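Undergrad: Fold the following.
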Amino acid sequence: MAENPIFERAIRFLSALRHCQVLGLRVHSASNDGLTVVLPYSAKIVGNPQTGVIHGGALTSLMDTACGMSTLCVLPEFEVCPTLDLRIDYMHAAEPHKDVFGFAQCYRVTTDVIFARGFAYQDDPDRPIAHAVGTFMRMGKGLKGTKGFGGVIKGDGQ
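TA: Below is the predicted model of the structure:
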């Protein structure tokens, strides 16, 4: 039996998403309480070459991914849950040359929609770079056309 099945499912989820691979996202932690994803600093995600500040789109991808992946923490089985709505409030720019962490958790699960919230930070979670709130549509476990993707997340497919 897996030591932390949520963490392992989260790793498989990230490995199945090409944009997450390109950004270098990796799972830092995952439990029933939520998860944290790391966006490593790199020249590829810099928005302003003169300052080295990370592009807002990379931070948006981090938070959309973290909030979407937080559904893995509350659902007993993998379900396809695409983003319905995402709001991000930027508090301040990320410091250049430092990784960014994105924490997210689900705070309400209904039959059709999952509500998630989170924040991005660098050294101190009490000094967030951004706050995020998102909603994700529950499309079910047996969605046609996603068997391969679902199998990868469950750990029984390629």
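
Undergrad: quick one: contacts for the closest residue to A58 other than its chain neighbours?
TA: Closest residue to A58 apart from its sequence neighbours, by CB to CB, 6 or more residues apart in numbering: I45 at 4.0 Å. No exception for glycine: its C-beta is placed from N, CA and C like everyone else's. Contacts for I45 (CB atoms under 8 Å, 6 or more residues apart in numbering) come out as L23, L39, I54, H55, A58.

Undergrad: ditto for V100
TA: With CB under 8 Å, 6+ apart, V100 has these contacts: V38, L39, Y41, I54, L59, L62, A94, A120, Y121, Q122, I129.

Undergrad: With adjacent residues omitted, what lies nearest to it?
TA: L39 (4.5 Å).

Undergrad: State the number of residues packed around that neighbour.
TA: 25 (other CB atoms under 10 Å).

Undergrad: I6 too?
TA: 21.

Undergrad: Let me know the secondary structure of it.
TA: helix (DSSP: H, G, I helix; E, B strand; the rest coil).

Undergrad: just checking, it touches G34?
TA: No: using CB atoms under 8 Å, I6 is not in contact with G34; the gap is 9.8 Å.

Undergrad: Between those two, which contacts overlap?
TA: Common neighbours of I6 and G34, counting by CB under 8 Å, 6+ apart, are C73.

Undergrad: Show the end-to-end separation of stretch 80-96, please.
TA: 34 Å (CA to CA, to the nearest Å).

Undergrad: swap that for stretch 16-32, please
TA: Note: stretch 16-32 ends 21 Å apart using CA to CA.

Undergrad: ok, which stretches of this structure are strands?
TA: Under the criterion DSSP state E, the chain contains strands at 26-31, 34-39, 46-48, 53-54, 83-90, 100-109, 113-121, 130-137.

Undergrad: out of those, nearest to S15?
TA: Evaluated with CB to CB, the strands of the chain place strand 26-31 nearest to S15, the distance being 9.7 Å.

Undergrad: Just name whatever secondary elements the closest one is in contact with.
TA: With contacts defined as 3 or more CB pairs under 8 Å, 6 or more residues apart in numbering; DSSP states H and E, the packing partners of strand 26-31 are helix 5-15, strand 34-39, helix 71-74.

Undergrad: again, only using 6 Å
TA: helix 5-15, strand 34-39 (3 or more CB pairs under 6 Å, 6 or more residues apart in numbering; DSSP states H and E).

Undergrad: So which of those is nearest M139?
TA: Per CB to CB, nearest to M139 of the helices and strands packed on strand 26-31: helix 5-15, 15.1 Å.
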